[in-house]
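K.L.:
Okay, sequence plus prediction incoming.
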Amino acid sequence: MTTFGAGWPTLLHKELLRFWKVAFQTILAPVLTALLYLLIFSHVLESHISVYEGRVAYGAFLVPGLVMMSVLQNSFANSSSSLIQSKITGNLIFVLLPPLSPVDLFIAYVLGAMIRGIAVGLGVLAVTLFFVPSLLYMPHPLWALGFALLGSAILGTLGLIAGIWADKFDQLAAFQNFFIVPLTFLSGVFYSIHSLPRFWQQLSHFNPFFYMIDGFRYGFFGLSDVAPLTSLGIVLTCALALALIALALLQRGWKLRT
C-alpha cells in the first residue's frame, strides 16, 4: 500500500542532479542556441516585420517567444529522456520498487522537468536582456510567470507520457521531431499570427503551444493576439487533461511494469 508524499522529494532530487551534473549540455547549450536565434533573426528581419501594428520592435517581440520556446522544449526533454534512459538501461526497476504512488512519480518527474525548463528560460532571458533591456519593465509579470509555469508543467507531463510510450530513443526522437518541434515553431515564436494569411491564422488557433506563448508574451507587452483569459483557460484545460492521462498510465503501469 503506497501513500502519497513519502518519497517524491528523493526522486525529485535524483532528477535535479541528473541534469545539473551536465549543466553545460542541459542549460548552457539551449541558452546559446536561443541567443543565436535572436542575433540572426533580429538582424535579418528587424526592418522587414511589423508586430502589433508597429508598437513593439521585432527584436523585443522575439525575446519572449525564444524564452518560452526554450522552457517548453527543455521541460519535455527532461522528463522524456529521463524515463526512456531508465527503461533502456534497466534501472527503472529501482524507481518502481520503492513504495511510490503514481502521484509521487508524477510530481517528481514533472517538477524536475519544470525546474530545468524554467532554469533554461531564465538563462535565455538574462542573456537576451543585454540586447533588449527594456523588457525588464514588464506590465504584467504575474501573467508571464503563470504561463511559464503552466507551459513547463504541460510539456513536462507530455514528456512523461512520451517516455512511458516509447521503447527506444528512436521513437522518442520521432515524437519530438514530428510533434513537439513543429508545434513549437508554428506557435508564433518568430511572428505574430496576424502577419499570416487568414487560413493559417485560423489553423494556429488549434495549436495549444500558440496560447502558451501568446499568453506569456502578454506579460511582457500587455499586448497579445488572443485575450489572455482565453489563453489561460485553454492552457489550464490542456494541463488538467494531460495530467489525468499521465496519472492513469502510471496507475496502470503501462509499459513500465509489464
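P.N.:
Cool, got the structure. Just so it is clear, the structure is predicted and the values come from calculations on it, not from any experiment.

K.L.:
And the strands in the stretch 1-150 of the chain?
P.N.:
Under the criterion DSSP state E, counting those that start in this stretch, the stretch 1-150 of the chain carries no strands.

K.L.:
Where is the longest helix in this protein?
P.N.:
In the chain, assigned by DSSP state H, the helix with the most residues is helix 58-89.

K.L.:
buried set for it?
P.N.:
By neighbour count on 16 or more other C-beta atoms under 10 Å, the buried set for helix 58-89 is 58-84, 86-87. Placement of C-beta: from N, CA and C, glycine included.

K.L.:
Okay, now the unreliable bits of the stretch 151-258 of the chain?
P.N.:
Along the stretch 151-258 of the chain, segments meeting pLDDT under 70 span 258.

K.L.:
can you map out the helices along it?
P.N.:
With DSSP state H, counting those that start in this stretch, the ranges of helices along the stretch 151-258 of the chain come out as 169-175, 181-185, 198-204, 208-221, 228-252.

K.L.:
quick check: angle from the longest one to helix 58-89?
P.N.:
Right, helix 228-252. Computed with axes from the mean of the first three to the mean of the last three C-alpha atoms, to 10 degrees, the direction of helix 228-252 lies at 10 degrees from that of helix 58-89.

K.L.:
What number of residues are in the vicinity of Thr237?
P.N.:
12 (other C-beta atoms under 10 Å).

K.L.:
make that Ala29, sorry
P.N.:
Around Ala29 there are 14 residues (other C-beta under 10 Å).

K.L.:
same question, Thr10
P.N.:
Neighbours of Thr10 (other C-beta under 10 Å): 13.

K.L.:
For Ile93, see how far away it is.
P.N.:
To Ile93, Thr10 is 16 Å away according to C-beta to C-beta, to the nearest Å.

K.L.:
Hmm, Ile84 is touching Asp170, no?
P.N.:
No: using C-beta atoms under 8 Å, Ile84 is not in contact with Asp170, being 10.1 Å away.

K.L.:
coming back round to it: could you list every helix and strand that the longest helix of the chain packs against?
P.N.:
helix 8-20, helix 29-45, helix 102-128, helix 141-165, helix 169-175, helix 181-185, helix 208-221 (3 or more C-beta pairs under 8 Å, 6 or more residues apart in numbering; DSSP states H and E).

K.L.:
ok, residues contacting the first one?
P.N.:
Counting by C-beta atoms under 8 Å, 6 or more residues apart in numbering, the neighbours of helix 8-20 from elsewhere in the structure are 26-27, 78, 82, 95, 100, 103-105, 107-109, 111-113, 115-116.

K.L.:
Mind doing that once more with 6 Å?
P.N.:
Thr26, Asn78, Asp104, Ile107, Ala108, Leu111, Gly112, Arg116 (C-beta atoms under 6 Å, 6 or more residues apart in numbering).

K.L.:
and the two most separated of the residues you listed?
P.N.:
Thr26 and Asp104 (23.5 Å; C-beta to C-beta).

K.L.:
For the residue nearest in space to the middle of the chain, list the residues it contacts.
P.N.:
Nearest to the geometric centre of the chain sits Leu72, at 1.5 Å (C-alpha atoms, centre = their mean). Counting by C-beta under 6 Å, 6+ apart, Leu72 touches Gly151, Leu155, Thr184.

K.L.:
Alright, I will stop here.
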